[in-house]
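A.B. asks: sharing a sequence plus its predicted fold:
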Amino acid sequence: MTAPRRWFLAIVAAATTMAGCSSSPEAASPEAAPPASAPASSSTQTTRPSATATSAFCLDLSTFQVGVIAYSAEVGAAIEGEPLDFKELRRKAVLIADMGERMQASAPPDVAKHFRTVLKAIDTSASHLKSGAKTRDVVDPVYGERNRPAFEAVNEYDCGAAFQGKA
């Protein structure tokens, strides 16, 4: 696959992801405030914030997905035998990690494990971006069978769909 074709595919995938997520009415409107009768605090409740359509996870999900697609597309160049731009890939990995760190606390339970796997895979891949590194060490965390289901789950996750029907 040539570089222009690879970029075209990455852009199409990113646009498709953004279009699917941005049309959700729940993503644009804030969640209702908790009822007045709800207890202010409870020693038995966990302090983990619940995922809402306005949580950091859902607000940044489209951008995160595009970043992961862009990183994956560039790493995929190595499969075609093209040289990797280590500096640019490291920059993207840092941006993904920073955004992911902010999002992680509010990740919905049904995708949280996959989200952590994607973050770890990109970190592992980026840690091998150095002279003399084996291509497989950079590519496998992103494209290997072990992590592929997590990448697919995060890429296909739609916060709007996850919150439809919830009051």
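C.D. replies: Arrived safely. Residues are numbered from 1 along each chain as shown.
A.B. asks: show me the contacts for Pro149.
C.D. replies: Counting by C-beta atoms under 8 Å, 6 or more residues apart in numbering, Pro149 makes contact with His114. Placement of C-beta: from N, CA and C, glycine included.
A.B. asks: could you say which helix or strand holds it?
C.D. replies: Taking DSSP states H and E as the definition, Pro149 sits inside helix 148-156.
A.B. asks: for the record, mean pLDDT for that helix?
C.D. replies: Taken as a whole, helix 148-156 has a mean pLDDT of 97.
A.B. asks: show me which residues of it are buried.
C.D. replies: 150-151, 153-155 (16 or more other C-beta atoms under 10 Å).
A.B. asks: next: stretch 95-106.
C.D. replies: So for stretch 95-106, counting by 16+ other C-beta under 10 Å, buried means 96, 99-100, 103, 106.
A.B. asks: output the contacting helices and strands for whichever strand or helix holds Ile69.
C.D. replies: For Ile69, the element it lies in under DSSP H and E is helix 56-76. In terms of contacts (3 or more C-beta pairs under 8 Å, 6 or more residues apart in numbering; DSSP states H and E), helix 56-76 is packed against helix 3-22, helix 86-104, helix 109-127, helix 135-143, helix 148-156, helix 159-163.
A.B. asks: contacts for the third one?
C.D. replies: This points to helix 109-127. Under C-beta under 8 Å, 6+ apart, the answer for helix 109-127 is 51, 57, 68, 71, 75, 89-90, 93-94, 96-97, 100, 103-104, 107, 137-142, 147, 149-151, 153-154, 157, 162.
A.B. asks: rerun that using 6 Å as the cut-off
C.D. replies: Applying C-beta atoms under 6 Å, 6 or more residues apart in numbering, the external contacts of helix 109-127 come out as 90, 93, 96, 100, 107, 138, 141-142, 147, 150-151, 153-154, 157.
A.B. asks: give me the angle between that helix and helix 86-104.
C.D. replies: Helix 109-127 runs at 160 degrees relative to helix 86-104, counting by axes from the mean of the first three to the mean of the last three C-alpha atoms, to 10 degrees.
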